[in-house]
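> sharing a model prediction with you, sequence too.
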Amino acid sequence: MPRTIALLTAFHALFAALDLAAENWPSWRGPRGDGTSAESVPTEFSREKNLRWRLELPGPAGSTPAIWGDRIFLSAAHESDLLLLAVSTSGKELWRRVVASGNESVRGDEGNYASPSPMTDGKHVWTFMANGALACFDVDGNEIWKLDLEERYGKFEIQFGLSSTPILDGERIYVQLIHGKWSKTPSTGLVVALEKSTGNEVWKHVRETDAVDECKHSYASPVLYRDAERAFLVSHGADYAIAHSLEDGAEIWRIGDLNVKDNYNNTLRFVASPAAAEGLIVVPTAKGRKVVALGPHGKGDVTHASDVVRWELPRSTPDVPSPLIEDGIVYLCRENGVLIALDAKSGERLYEERCFSDRYRASPVWADGKVYVTSRKGHVTVVRAGRTFEKLAENELGEEIAASPAISGGVLYLRTFDALWAIGAPRP
């Protein structure tokens, strides 16, 4: 075999092997639910560099794509319709479906009712919209079931739309519905588990707190904690983070004082979600207030439990981007572009440096020793992971973005308000 042909054959075999080893990105925080990827993607990119393709979308959304194999699923708002789309990893739209109508824009340019991210297991895809529509399709776009959570559980009384993304785990979908009426005390919300195959309710847990006013609202998403000894769901909102049994939703523990009573802020609503790594749960709040780290072994009210609460950062919480934990470091991206790195064990502040001056809505992701931090204007800063701050690249998309990045098959996917970008090294 001629040398050139042999080399080409070897290259194609290598890329085929890499594709087979590619990780899926089944939901907004990735294959492990923590915003980390085992893959490597380009550090530098633009319209002229490392852009595999760019696909115009029918409308904006802040939702992160879900990826399985050669298919990408994402939501969008087009006029009054709320859509689910399937796109191939070669950049071709495969199908689109109208999930519901009645879209609304929220807080000016901040988002719309297509903000929750879809989820997939490779056979089916589930999508939730902020008006209560929850639907299941197979990967070819055939509707399996659809239901209205407002009809089932009551009207959503929430100021800017219910943007919480459910969790798909095993045979169940877990949804937190924290949107208490301002006039009602105590504050009540719901955490529910549904059969993924039918949408039928498995259990419903009434979540009570003493939150008042806008604090009864939550835009955060739940997080799943799992290690060799335990597994539970953490809901976040209405002044508390609460751990729930996966079996029946019963409360295992709760941490309060996230909105301190002697300095109470009646507009403190949670947007950033907790982050979980083995042995550690990091709980953000809002409006520059505290971050709390705790172990997973608590029971009852652990607010002041010194054997559970590992450390507390008294201020500088991220307001929208969720924390990232990897290799013993907690990364917090504040809404102004300041990136804070903390020692995960002690809470010691390692650095506090600005990435880029802008609003930040997307959560950071980690891949191959690098942290990707995405601003609202489409500026993506790549920082070397570690205990010292080092910028590796500054990348400009020139389009607004609120969705968190997704990574699969050696490709970084960025969903702007205008298009889906596929960033990857050129193939031979």
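Nice, I can see it.
> CA atoms for contacts and neighbours, from now on please.
Fine.
> so the closest residue to A77 other than its chain neighbours, which state does it fall into?
Leaving aside its sequence neighbours, A77 sits nearest to G59 (CA to CA, 6 or more residues apart in numbering; 5.0 Å). Put simply, G59 is coil when judged by DSSP: H, G, I helix; E, B strand; the rest coil.
> ok, the residue nearest to F270 when sequence neighbours are not counted - contacts?
Among residues not flanking F270 along the chain, S218 sits closest, at 5.1 Å (CA to CA, 6+ apart). Under the criterion of CA atoms under 8 Å, 6 or more residues apart in numbering, the contact list for S218 reads 162, 164, 178-179, 236-238, 269-271.
> before we move on, what about A193?
Shown here is A193, whose contacts under the criterion CA under 8 Å, 6+ apart are 172-175, 201-204, 249.
> in a helix, that's where it is, yeah?
No - inclusion of A193 in a helix is not indicated when three-state DSSP is applied; the result is strand.
> so what's the residue count around F389?
By other CA atoms under 10 Å, 18 other residues sit near F389.
> what strand or helix carries it?
Assigned by DSSP states H and E, F389 falls within no helix or strand.
> just E150 next, same as before
Applying DSSP H and E, one finds E150 within helix 149-153.
> averaged pLDDT, that helix. What do you get?
The average pLDDT within helix 149-153 is 96.
> show me which residues of it are buried.
Residues L149 are the ones in helix 149-153 that count as buried (16 or more other CA atoms under 10 Å).
> right, and the helix or strand after it?
Toward the C-terminus, helix 149-153 is succeeded by strand 167-169 as the next helix or strand (DSSP H and E).
> residues contacting the residue nearest to I255 when sequence neighbours are not counted?
Of all residues not flanking I255 in the chain, T303 sits nearest, at 4.5 Å (CA to CA, 6+ apart). T303 makes contact with 254-257, 309, according to CA under 8 Å, 6+ apart.
> and for H236?
Counting by CA under 8 Å, 6+ apart, the residues that H236 touches are 218, 220-222, 242, 270, 273-274.
> in strands only, show me the residues you listed.
Counting by DSSP state E, the contacts of H236 place I242 in strands.
> on that earlier part again, buried members of the contacts of T303 into PyMOL, please.
Selection of buried members from these for PyMOL, criterion 16+ other CA under 10 Å:
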select buried, resi 254+255+256+309
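> tell me the two of the contacts of T303 that are most distant?
Maximum pairwise distance among these (CA to CA): 12.3 Å, between D257 and V309.
> about what we covered before: how about the contacts of H236 in JSON lines, adding distance to H124 and pLDDT?
Output for the contacts of H236, formatted as JSON lines (distance: CA to CA, whole Å; pLDDT from 0 to 100):
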{"residue": "S218", "distance to H124": "28", "pLDDT": "96"}
{"residue": "A220", "distance to H124": "24", "pLDDT": "97"}
{"residue": "S221", "distance to H124": "21", "pLDDT": "98"}
{"residue": "P222", "distance to H124": "21", "pLDDT": "98"}
{"residue": "I242", "distance to H124": "29", "pLDDT": "98"}
{"residue": "F270", "distance to H124": "30", "pLDDT": "97"}
{"residue": "S273", "distance to H124": "25", "pLDDT": "98"}
{"residue": "P274", "distance to H124": "27", "pLDDT": "98"}
